[in-house]
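Asks: turn this into a model:
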Amino acid sequence: MHRRDVLLTGGALGLMGLSARGRAGTGIGSGFGYSVPPEEAPHQRTFMQWPVNRGVHPDPVFLDMVQQTVADVANAISAFEPVTMLAANEDHAGARRKLSGAVELWDIPTEDLWCRDAGPIFAVNAAGDLAVSHIQFNGWGEKQVNRRDSQIAARVADRLELELLPTGLTGEAGGVEQDGHGLLLAHESSWVNENRNPGLSRSEVETRLLAAYGADRLIWSEGVWGEDITDYHIDSLARFTGPGRVLINLPDRPDMTDPFHFAALNTHDRLVAEGLEVEVIPEPNRRRVRSIDFVASYANYYVCNDGVIAAQFGDPKADQIAAEALTRHYPGREIVTLNVDPLGEMGGGIHCATQQMPAT
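Replies: Numbering: from 1, shown residues only. Predicted coordinates for the structure are as follows:
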């Protein structure tokens, strides 16, 4: 099973030796005293990326659908907080035709839309100083072209004149879930992997992740190696909704021959064993897109100021259960549900397409 096609564009893919354009720190120790706030904390803005690369998106009709979906998400978020769309200057005119006037465009070149993975991870210290905790993106282990996307975090830090805090890690923020109160959750397959962090043990990766997020505890689950481009990102399965509280999306009738179902149940059992408060919401049984590779994740939502932007998949019962769960977990916020099927066809969702900049 492949939940997102592995797409390659010829030539050298990444820029692993990219020199940071922000005011780089000296290493992991530079981040001491910084931590990443919970997603539900107040934001200054949301960052997103405009997808344009024709090697990644060869079908112009589908690319147009993907761009419209990205615009729909950006426009929905802009009703709650400022949104900045990253795109090369030459792509601004096309983007502007789909984006509302409330969405700002910055001239930072992009290839694909996954800002959770390629975008900047913002951390704050006790004095209220903002910095970028830099986990180097490499196209999910050089599976996809990332000449531009591997530079995005550093370029945003440079434009904002923020310190770039190296973590010594390669990977993606979508591969680790954090509650902003000291606890992380991750699948080993997205991190303890030769395609991201060759030669690093799980213990070494854990130490660096804890430092990167300013956390003190990490719960590991095994995950799935090599069956999708992300090596099974946690943010399409389970999300922290507060300290010690998790919302997890599971199938009603799991197929134990499906590696993703098996790994999902293992993650659920691990969370329960760790004493967390875990609520299960079902995956949709009826949906508009029937492909086996389609990712129908209610967990892949985004929390913004006074709102939650979430997916609906055309299953009235399951859609309602998910919306009601989000209302309980995020009281006082407006729940906005969107048809984002093109993102699911690519193996992702709304959370994958967004990255928050916390208020200070």
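Asks: check which helices and strands the longest helix anywhere in the chain is in contact with.
Replies: Using DSSP state H, we find that the single longest helix of the chain is helix 60-77. Counting contacts by 3 or more Cβ pairs under 8 Å, 6 or more residues apart in numbering; DSSP states H and E, helix 60-77 packs against strand 43-49, strand 83-87, helix 92-96, strand 103-107, strand 302-304, strand 307-311, strand 334-338, helix 341-345. (C-beta placed from N, C-alpha, C; glycine too.)
Asks: quick check: buried residues in stretch 53-63?
Replies: Asn53, Val56, His57, Leu63 (16 or more other Cβ atoms under 10 Å).
Asks: same thing with stretch 104-121?
Replies: 105, 108-121.
Asks: related to what we said a few turns ago, just put the helices and strands packed on helix 60-77 in TSV and tack on distance to Arg159.
Replies: Output for those, formatted as TSV (distance: least, Cβ to Cβ, whole Å):
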stretch	distance to Arg159
strand 43-49	11
strand 83-87	10
helix 92-96	15
strand 103-107	7
strand 302-304	21
strand 307-311	25
strand 334-338	29
helix 341-345	26
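Asks: what would those look like in CSV with mean pLDDT?
Replies: Shown next, in CSV, are the helices and strands packed on helix 60-77 (pLDDT from 0 to 100):
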stretch, mean pLDDT
strand 43-49, 98
strand 83-87, 98
helix 92-96, 98
strand 103-107, 98
strand 302-304, 98
strand 307-311, 98
strand 334-338, 98
helix 341-345, 97
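Asks: quick one: which of those is nearest Val224?
Replies: Closest approach to Val224 among the helices and strands packed on helix 60-77 is made by helix 341-345 (17.8 Å; Cβ to Cβ).
Asks: what's the burial count for Glu188?
Replies: 19 (other Cβ atoms under 10 Å).
Asks: need the contact list for it.
Replies: Arg202, Trp220, Ser221, Glu222, Gly223 (Cβ atoms under 8 Å, 6 or more residues apart in numbering).
Asks: just the pLDDT for it.
Replies: Listed pLDDT for Glu188 reads 98.
Asks: how much space separates it from Glu222?
Replies: 6 Å (Cβ to Cβ, to the nearest Å).
Asks: please apply the same query to Ile248.
Replies: From Ile248 over to Glu222 (counting by Cβ to Cβ), the distance is 15 Å.
Asks: who has more neighbours, these two?
Replies: Shown here are Ile248 and Glu222; by other Cβ under 10 Å, Ile248 has more neighbours (20 against 15).
Asks: sec struct for the closest residue to Leu184 other than its chain neighbours, please.
Replies: Closest residue to Leu184 apart from its sequence neighbours, by Cβ to Cβ, 6 or more residues apart in numbering: Leu218 at 4.3 Å. In three-state terms, and counting by DSSP: H, G, I helix; E, B strand; the rest coil, Leu218 is strand.
Asks: could I have stretch 116-130 exported to CSV, CA atoms only?
Replies: Extracted in CSV, the C-alpha atoms of stretch 116-130 (Å, rounded to 0.1, in the frame of the first residue of the first chain):
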residue,chain,number,x,y,z
ARG,A,116,3.9,21.3,8.2
ASP,A,117,7.0,19.3,7.0
ALA,A,118,9.0,21.9,5.1
GLY,A,119,8.0,25.1,6.9
PRO,A,120,9.5,26.6,10.0
ILE,A,121,9.0,25.2,13.5
PHE,A,122,8.6,28.2,15.8
ALA,A,123,9.8,28.1,19.4
VAL,A,124,9.6,30.7,22.2
ASN,A,125,11.6,31.3,25.3
ALA,A,126,10.6,32.7,28.7
ALA,A,127,11.4,36.3,27.6
GLY,A,128,9.0,35.9,24.7
ASP,A,129,11.8,35.7,22.1
LEU,A,130,10.8,33.8,18.9
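Asks: any idea which helix or strand carries the nearest residue to Ala88 once chain neighbours are set aside?
Replies: Counting by Cβ to Cβ, 6+ apart, Ala88 lies nearest to Pro109, which is 3.8 Å off, once chain neighbours are set aside. Here Pro109 sits in a region with no helix or strand, counting by DSSP states H and E.
Asks: how about the contacts made by Val205?
Replies: The neighbours of Val205, taking Cβ under 8 Å, 6+ apart as the test, are Leu169, Trp191, Val192, Asn197.
Asks: thinking again about what came up before, closest to Asn125 out of the helices and strands packed on helix 60-77?
Replies: For Asn125, the closest of those is strand 43-49, at 15.8 Å, according to Cβ to Cβ.
Asks: contact partners of the closest one?
Replies: In contact with strand 43-49 (Cβ under 8 Å, 6+ apart) are residues 70, 73-74, 77, 81-87, 110, 112-115, 118-120, 149, 152, 156, 302, 304-305, 353-360.
Asks: measure the nearest residue to Ile309 once chain neighbours are set aside to Ala79 for me?
Replies: Computed as Cβ to Cβ, 6+ apart, the closest residue to Ile309 that is not its neighbour in sequence is Tyr302, at 4.8 Å. Going from Tyr302 to Ala79 by Cβ to Cβ gives 13 Å.
Asks: higher neighbour count, those two?
Replies: For the pair Tyr302 and Ala79, the greater number of neighbours falls to Tyr302 (26 against 16), based on other Cβ under 10 Å.
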